[in-house]
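A.B. asks: Attaching a predicted model along with its sequence, questions to come.
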Amino acid sequence: MSKAIGKRTWAISGGDIPLVSSGPEPAFTSHDKISILNTDDSDAHLELMVYYQDCEPAGPYKITVKGRRTCKVWFNDLIDPFPVPLNRPFACVVTADIPVVIQFSRMDTSSAHKAITGTIAYSCD
């Protein structure tokens, strides 16, 4: 029997999907993403709310992570209820029905000097 580790609420304040990509897709597509770890036996149900500087938040985007699994979610792929725009700063709050661990990362391939950065999201519980 596995036990859930992590938190139920997470915040990401520095989203901004790069507009330009270089190199073959999808391997070198610029993106922002979250990696979700669910160590519990039961499925984790998450909702993402995306916040912008100049308009109302978009969401909720609903994600399910099966028990004892991981899941990677590209913000580029979030389209329902509204696509997350490229090259527009955003923040995100993730809420889950059980504790999970969330890491945020960005891959920027807009120039020949490709960059990857990652950080643990801010846990709010």
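C.D. replies: Right, received. Where do you want to start?
A.B. asks: do you know how far the residue most central in space within the chain is from residue 22?
C.D. replies: The centroid of the chain falls nearest to residue 34 when counting by CA atoms, centre = their mean (3.0 Å). Look at residue 34 and residue 22: by CB to CB, to the nearest Å, they are 23 Å apart. C-beta: built from backbone N, CA, C; applies to glycine.
A.B. asks: Which strands border the helix or strand containing the residue nearest to the centre of the chain, and is each parallel or antiparallel?
C.D. replies: Assigned by DSSP states H and E, residue 34 belongs to strand 31-38. Sheet pairing here is set by DSSP bridges, and for strand 31-38 it gives strand 69-74 (antiparallel), strand 90-108 (antiparallel).
A.B. asks: centre of the chain versus the first one, how much separation?
C.D. replies: A distance of 8 Å separates the C-alpha centroid of strand 69-74 from that of its chain, computed with CA atoms, centre = their mean, to the nearest Å.
A.B. asks: Now do stretch 22-32: distance from first to last residue.
C.D. replies: Start to finish, the residues bounding stretch 22-32 are 15 Å apart (CA to CA, to the nearest Å).
A.B. asks: I meant to write stretch 54-61 there.
C.D. replies: End-to-end for stretch 54-61, by CA to CA: 20 Å.
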